[in-house]
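K.L.:
coords below, sequence missing:
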């Protein structure tokens, strides 16, 4: 396991290097004679000092601007991931358990439709029919601007809750209200994929002999599906789920764009339209690095969950 | 003693390849439906390239609802948009843009990806490592971020979007090719040793390739559905097709301004994308079943 | 009353385009302490029959029978936890590949504990003692190291012994062993088989052994059942059937066993042409028909299995004629 960790760290560092090359390329593609006559090495050493360049558009250090917008995205992505797992995993297990029955067919068809939906269209549909038609939720934004909440953590749910304003609870529920559509939008695709992957891995896992052994012990459904089935299915599942981080980020950018959510996705798109190459290269560098890091951690998690990769040495000899 | 004459059955009951494949494929009607719709879209895309439809802006025909609505007319089957353009003909015009560019993008990624994969599989060691590592990095970059990178360097546009999507799809093809070719090569070497004399490259091409074809086919269908959604997304953001091009994603972007009073303008292009993607997915599902079935026997 | 009573057990699996009959009117009667063997090709239905008896096919196939009962309790209508536990207390099964029979994610200790907990060993101390006892019974040493290991860290011989220990944990009256030694090393095969026989004898358990090894079945079993394409084609006392097979298939199989090779020149050994048909494309009438050297016109009618006084045989023209 230790060996695997070191291998992973090495790969992550190599990937980071590759990404810095790309973001450097982006920085220098400004063909408007920008004053970036930085060499690659200067660029790298600046980054190590924490200097990611200053935006020509806002005259602010790009890293500050990025960090300002990060919590909004984190809040959105975290809540969506949780929702996707809470919906996708159980549905997948149920679909596997009721394989070849109408329940399985229904869940299967719903999940295929869900992951075939273009996310930007799904968002618009939700807005048109829920926010506009039935006026159940707001159309865009994070919080109604009549509430003045001090940004302490950057997470709106926390900030409204700990705020010392008299309307803090109103603001809290308003924040939730603003989160509903974006979170549903972003969570739909991952939920569908998690559901399908769980179903697939469970079906394979449930065919194994050790499941029969477990059944022949007299274990009930919970024991078989969760303790024996899902625990083993988690191994290939974790690896497959790692691939979803990238998808989640793409979805987050689109969701933020449509809902005018002030996160790094929208920030990145704004930088592009303003040809703010400093901001762009910083954004690309950090978001990609984050994805690479998270992927690496999830892959390690997969190794840890599998006793065959976690501890390969034999305890018993002879 | 009466021999086997009485019994006409035997191993000749295995159907001919194509027949049995069709039987498996068509066992689920959704796969056949998917194939049908795909053919229709393909034909429509091709024909709309040659048909010149004049679709001019007209204030007099602004925002007419679809024909089944009480205020709709049969002249505009699916209604008109804010600028008075007929939606149905715009969708048709947009088909070669959304669908066509996606096809080209996937083809490009397939050819380059398989090529790179073969090179890496044959040259092993350092070349292979370099190729796989760079593919891993590309794979790690979220597709939209990669598109932003390409667009920031090359500028926006439908073709550039197609290129960006091709790069996004590249790693999958490369990896699939490498892993399956290596797997086959390990087997083929054993046979090649027995056949000593026959040129190894010929054996590899004749026995390796058919076995790689199956997973590649699957990969291609997945890539196609990804490409369509990504290209439409880029069109939607204004990074790909630019308005007033009738690319379906760009149509959606334009439609947003009138979505609160004319929901059909915003619903129909998205529906077109959904139907196309669903068809590909169901079709791919059918292919998957054929491959699984053939692998088991 | 027999310990295990199976009559006309049928198992059908859904496949694309219909169903496949994996088991067709399987019948078996096992008395307490008896030693039964089951022999058959792959696809003959022998494993399916055992899975059906253990009620492990409920969710994946349609299982019907005129009778399927253990100790007089019907298996097909099991619905409560108590009934299920009563079944699994009385009968245990071990499978062919021990590496796949244990959950790769949990240590041996935990998996044995799980079994013991269900079968009434409520205190930790009791379980610890019983675990050590069981593992010693199956001839294992360095028990602590084994208990602490994951399955992938142990050899298949050890794993199979653990499976046997697991099976004995509930003190069952019937043990089903589905090719328990087939995937083990040769050296282990004999040892494990001896272990099984000793244990079964000393505890006066009934045994159903599925095996490819004709010599083994001939030596060990009191009764044997031969299966083909999901049907029982011959069944009865082992001595009778091995010395004097009545079904052409049984005869051909016995003749092809190395120990039976007749070295006399030009000895016309009736052998079977062709290969076993797939369950998806079964012949009309007797399933062996197309390959049978004794086939006649009547064989396009499916033969019933009938009792000829000494054994059950499914053939219109049993070798040597009928005994009754």
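P.N.:
Everything's here; your move. Note that the structure is a prediction, hence the values are computed from the model and not measured.
K.L.:
how about the residues of the stretch 151-300 of chain C near chain A?
P.N.:
Applying CB under 8 Å from any CB of the partner chain, we find that the stretch 151-300 of chain C lies next to chain A at C:152, C:153, C:154, C:158, C:163, C:166. Quick note: C-beta positions are derived from backbone N, CA and C, even for glycine.
K.L.:
Break down the stretch 1-150 of chain B into its helices, ranges please.
P.N.:
In chain order, the stretch 1-150 of chain B shows helices spanning B:17-25, B:29-50, B:87-95, B:101-123, B:125-140, B:143-154, with DSSP state H, counting those that start in this stretch as the criterion.
K.L.:
name the helices or strands packed onto the last one?
P.N.:
Contact here means 3 or more CB pairs under 8 Å, 6 or more residues apart in numbering or on different chains; DSSP states H and E; on that basis helix B:143-154 packs against helix A:2-28, helix A:244-259, helix A:264-273, helix A:277-305, helix B:158-194, helix B:209-237.
K.L.:
let's see 6 Å
P.N.:
Under the contact criterion of 3 or more CB pairs under 6 Å, 6 or more residues apart in numbering or on different chains; DSSP states H and E, helix B:143-154 touches helix A:244-259, helix A:277-305, helix B:158-194.
K.L.:
The fourth one now?
P.N.:
In terms of contacts (3+ CB pairs under 6 Å, 6+ apart), helix B:101-123 is packed against helix B:125-140, helix B:158-194, helix B:209-237.
K.L.:
Residue C:46: which of the ones you listed is closest?
P.N.:
For these, the distance to residue C:46 is smallest for helix B:158-194, at 32.4 Å, taking CB to CB.
K.L.:
Check whether the closest one comes near chain A.
P.N.:
No. Helix B:158-194 stays out of contact with chain A when judged by CB under 6 Å from any CB of the partner chain, the minimum separation being 9.6 Å.
K.L.:
Can you verify my assumption that residue A:57 contacts residue A:277?
P.N.:
No. Checked against CB atoms under 6 Å, the pair residue A:57 and residue A:277 is beyond contact range at 9.5 Å.
K.L.:
neighbour-wise, which of those two wins?
P.N.:
Here residue A:57 and residue A:277 are set side by side on neighbour count (other CB atoms under 10 Å in any protein chain shown), and the busier one is residue A:277, at 27 against 16.
K.L.:
Do you know the pLDDT at that one?
P.N.:
Turning to residue A:277, the model gives it a pLDDT of 85.
K.L.:
who in the stretch 201-324 of chain C is up against chain B?
P.N.:
C:281, C:283, C:289, C:290, C:295, C:296.
K.L.:
Counting neighbours, what do you get for residue 187?
P.N.:
Picked chain A for this. Taking other CB under 10 Å as the neighbour definition, residue A:187 ends up with a count of 26.
K.L.:
please go with chain B instead
P.N.:
12.
K.L.:
sorry, back to before: turn the helices and strands packed on helix B:143-154 into CSV, including distance to chain C.
P.N.:
Formatted as CSV, the entries for those read as follows, by distance: least, CB to the nearest CB, whole Å:
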stretch, distance to chain C
helix A:244-259, 23
helix A:277-305, 8
helix B:158-194, 23
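K.L.:
what stretches of the chain score poorly on pLDDT?
P.N.:
Because you didn't say which chain, this covers chain A. Across chain A, the stretches falling below the confidence threshold (pLDDT under 70) are A:30-37, A:312-318.
K.L.:
ah, no, chain C please
P.N.:
Applying pLDDT under 70 to chain C flags the ranges C:16-17, C:258-271, C:322-324.
K.L.:
Out of the helices and strands packed on helix B:143-154, which is the most enclosed?
P.N.:
For those, the largest average neighbour count (mean count of other CB atoms under 10 Å in any protein chain shown) is found in helix A:244-259, namely a mean of 24.
K.L.:
show me where the stretch 51-200 of chain C has strands.
P.N.:
Counting by DSSP state E, counting those that start in this stretch, the stretch 51-200 of chain C has these strands, from start to end: C:62-64, C:67-70, C:73-74, C:91-94, C:174-178.
K.L.:
Out of those, which one sits most buried?
P.N.:
Looking across the strands of the stretch 51-200 of chain C, the stretch whose mean neighbour count is highest under mean count of other CB under 10 Å is strand C:91-94, at a mean of 26.
K.L.:
what's the spacing between the nearest residue to residue A:276 once chain neighbours are set aside and residue C:89?
P.N.:
The shortest distance from residue A:276 to any non-neighbouring residue, by CB to CB, 6 or more residues apart in numbering or on different chains, is to residue A:57 (4.4 Å). When distances are taken as CB to CB, to the nearest Å, residue A:57 and residue C:89 turn out to be 76 Å apart.
K.L.:
can you put the strands of the stretch 51-200 of chain C in a markdown table and add distance to residue A:252?
P.N.:
Formatted as a markdown table, the strands of the stretch 51-200 of chain C follow (distance: least, CB to CB, whole Å):
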| stretch | distance to residue A:252 |
| --- | --- |
| strand C:62-64 | 48 |
| strand C:67-70 | 56 |
| strand C:73-74 | 57 |
| strand C:91-94 | 50 |
| strand C:174-178 | 52 |
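K.L.:
With distance to chain B as new columns, can those strands be given to me in TSV?
P.N.:
Listed next are the strands of the stretch 51-200 of chain C as TSV, based on distance: least, CB to the nearest CB, whole Å:
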stretch	distance to chain B
strand C:62-64	20
strand C:67-70	30
strand C:73-74	36
strand C:91-94	26
strand C:174-178	22
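K.L.:
Select, out of those, the one closest to residue B:242.
P.N.:
Checking the strands of the stretch 51-200 of chain C against residue B:242 by CB to CB gives strand C:62-64 as the closest, at 59.9 Å.
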